[in-house]
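Trainee: Give me a model of this one.
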Amino acid sequence: MVKEINDQLVTIYLDFATVRRFLIDYRFMIRSVDGKQYWIDSKTHANT
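Mentor: Numbers count the residues shown, from 1 in each chain. As a prediction, this is how the structure comes out:
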């Protein structure tokens, strides 16, 4: 799962880890405690 997210984010910005971190910090994504799973926070993301 993490590789798939990184593969998508790197198309936006080469420093995909920073983008991923911002998505989590701004609560667009949620990360599991162990860091192995990510999902979109339905409360902050409009379904389009």
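Trainee: Moving C-terminal from the lengthiest helix in the chain, which element do we reach first?
Mentor: Across the chain, the longest stretch assigned as helix under DSSP state H is helix 16-25. Heading C-terminal from helix 16-25, the first helix or strand you meet, by DSSP states H and E, is strand 29-31.
Trainee: mind listing what's buried in the longest helix of the chain?
Mentor: Neighbour counts over helix 16-25 (16 or more other Cβ atoms under 10 Å) mark F16, V19, R20, L23 as buried. (C-beta placed from N, C-alpha, C; glycine too.)
Trainee: low-confidence ranges in the protein?
Mentor: 44-48 (pLDDT under 70).
Trainee: re the thing from before, can you tell me which of the buried residues of helix 16-25 lies nearest to M1?
Mentor: Checking the buried residues of helix 16-25 against M1 with Cβ to Cβ, the nearest one is R20 at 11.9 Å.
Trainee: Next, count neighbours for the nearest residue to the closest one once chain neighbours are set aside.
Mentor: Among residues not flanking R20 along the chain, L9 sits closest, at 5.8 Å (Cβ to Cβ, 6 or more residues apart in numbering). L9: 17 surrounding residues under other Cβ atoms under 10 Å.
Trainee: and L9, backbone torsions?
Mentor: phi -70, psi -30 (degrees, to the nearest 10).
Trainee: And for Q37?
Mentor: According to degrees, to the nearest 10, Q37 has phi -130, psi 140.
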